[in-house]
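Q: fold the stuff below for me.
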Amino acid sequence: MLLISSGIVHAQEEDIFGIDTKARPDKTRRSESGVGNITRGIMSKISLELGGGYGMHLNAMDFNSGMPDNYPISIISDDGSSQDILAGETRTFKSNSSAIPFDAGVRIDLFGLFAIGGGYGREMGSMAALEGDSHQFTFSSDKYVFDKMYGTLGLVLYDAKRRRAFLNWKYRKYSGNNHYMQAQRKLRMEQNYPWRFTLEGEYGSIKVQESYDDALTATEPYYAIGLRIEREFSEYTKIFLKPNASFRKFNYQLEGLEESQMLEQKLFTINLGVALRLPGTKRCKIPGCGVKMKHLHNGVGYRGSSIWHMQNRKVGQWY
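A: You can find the predicted model right below:
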């Protein structure tokens with residue numbers, strides 16, 4: 001009997017089956033060394049992402065000049081009532097055009113509440129002539145290419161964690177002796193909820209690669225705000241949809257003139273992208289271990305499936 005007992009204890013210490021049902025990602029070591037454990041903990045907070053989309057930009061210029069004849073302004077239709085713009089007279093010009101943005105960035109999760117990040121983007125689009133009343137402000141080209149560098153700060157509004165807190169609050173009115181409602185609460189809290197909604201702000205600078213006019217420069221930083229909607233496919237992969245509104249200004253100054261005109265632009269885009277969170281937990285490669293869920297070997301946590309699959313899958317998720 002003593003020999004059998006000793007064998008069971010020895011088997012548990014060696015973790016022959018390679019699984020510990022009490023393993024929790026937030027409490028389990030990810031590496032045998034202290035430095036490796038810290039490094040992998042940091043890695044697990046970092047995500048890489050790629051995205052692209054489509055947008056429309058609304059342009060407006062409150063034109064006012066002491067020498068309006070020097071600008072590329074023409075009368076659209078001369079019906080006899082149109083007059084040239086006088087010096088010191090203010091005219092508003094507007095136009096709408098399309099844009100196609102692409103972005104590559106990195107995000108860092110902070111406590112499951114905030115997300116900071118940054119990245120590089122390229123935007124290609126068209127630029128129509130500005131029109132106002134009976135006049136037209138024409139640019140030398142109708143195409144452009146902008147590059148941008150930016151940083152982001154996001155606030156998580158709703159996700160699986162906040163859903164569980166909401167369900168706890170919703171079912172607080174039911175007694176603990178009401179087994180039906182308590183079972184319902186537990187069942188709903190254990191359901192997989194793959195959605196996350198984040199309010200995200202963006203701040204950055206624009207570099208003009210190809211301009212629709214040589215007189216145009218981007219001298220001021222821009223800012224943007226958007227709602228990021230994420231859908232997880234595994235603990236490490238997700239797609240996101242982000243409606244976004246950007247606000248930026250461009251300076252239009254002809255060579256030889258001290259005065260300049262300000263072009264204000266509002267860009268509204270919808271971006272679709274994919275994100276990959278770096279795996280902080282190593283894939284199990286121990287010979288003979290066929291466990292597909294997260295498990296332990298000698299106190300170190302491992303994942304049994306690839307990053308493209310849910311790790312601790314439930315009924316109906318074993319694909």
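
Q: show the end-to-end separation of stretch 297-312, please.
A: The first and final residues of stretch 297-312 sit 17 Å from each other (C-alpha to C-alpha, to the nearest Å).

Q: repeat for stretch 36-53
A: 38 Å.

Q: equivalent analysis for stretch 74-94, please.
A: Across stretch 74-94, first to last residue, C-alpha to C-alpha, it's 14 Å.

Q: ok now the helix or strand containing Ile206, how far from the chain's centre?
A: Under the criterion of DSSP states H and E, Ile206 resides in strand 195-210. Relative to its chain's centre, strand 195-210 lies at 8 Å (C-alpha atoms, centre = their mean, to the nearest Å).

Q: try stretch 289-301
A: The answer for stretch 289-301 is 32 Å, by C-alpha atoms, centre = their mean.

Q: tell me the average confidence for that stretch?
A: Throughout stretch 289-301, pLDDT has a mean value of 79.

Q: end to end, how far does it reach?
A: 13 Å.

Q: re earlier: list the buried residues in the strand holding Ile206.
A: 196, 198, 200, 202, 204, 206, 208 (16 or more other C-beta atoms under 10 Å). C-beta here means a position set from N, CA and C on the backbone, and glycine is covered the same way.

Q: Ile108 sits in which helix or strand?
A: strand 90-110.

Q: report all helices and strands that that strand contacts.
A: Packing contacts for strand 90-110, counted by 3 or more C-beta pairs under 8 Å, 6 or more residues apart in numbering; DSSP states H and E, involve strand 46-64, strand 114-126, strand 130-132, strand 135-137, strand 143-158, strand 261-277.

Q: that older thread, output the buried residues of strand 195-210 in JSON lines; the columns should cover distance to His297.
A: Output for the buried residues of strand 195-210, formatted as JSON lines (distance: C-beta to C-beta, whole Å):
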{"residue": "Arg196", "distance to His297": "31"}
{"residue": "Thr198", "distance to His297": "35"}
{"residue": "Glu200", "distance to His297": "39"}
{"residue": "Glu202", "distance to His297": "43"}
{"residue": "Gly204", "distance to His297": "45"}
{"residue": "Ile206", "distance to His297": "50"}
{"residue": "Val208", "distance to His297": "55"}
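
Q: now do the strand holding Ile206 against strand 90-110, angle only.
A: 130 degrees (axes from the mean of the first three to the mean of the last three C-alpha atoms, to 10 degrees).

Q: how far is stretch 106-123 from where the chain is centred?
A: Mean-position distance between stretch 106-123 and its chain equals 7 Å (C-alpha atoms, centre = their mean).

Q: outside of that stretch, which residues touch it?
A: Under the contact criterion C-beta atoms under 8 Å, 6 or more residues apart in numbering, stretch 106-123 has outside partners 45-49, 99-105, 145-156, 159, 161, 198, 200, 275.

Q: likewise stretch 189-199?
A: Contacts for stretch 189-199 (C-beta under 8 Å, 6+ apart): 115, 154-160, 163-164, 167-168, 225-233, 238, 310, 314, 317.

Q: would you list the buried entries among those residues?
A: Buried residues within the contacts of stretch 189-199, counting neighbours by 16+ other C-beta under 10 Å: 115, 154, 156, 159-160, 163-164, 167, 226, 228, 230, 232, 238, 310.

Q: report the buried residues of stretch 92-110.
A: Buried, per 16+ other C-beta under 10 Å, within stretch 92-110: 93, 95, 97, 99, 101, 103, 105, 107, 109.

Q: export those to JSON lines and tack on pLDDT?
A: What follows is the buried residues of stretch 92-110, written out as JSON lines (pLDDT from 0 to 100):
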{"residue": "Phe93", "pLDDT": "94"}
{"residue": "Ser95", "pLDDT": "94"}
{"residue": "Ser97", "pLDDT": "95"}
{"residue": "Ala99", "pLDDT": "96"}
{"residue": "Pro101", "pLDDT": "97"}
{"residue": "Asp103", "pLDDT": "97"}
{"residue": "Gly105", "pLDDT": "96"}
{"residue": "Arg107", "pLDDT": "96"}
{"residue": "Asp109", "pLDDT": "94"}
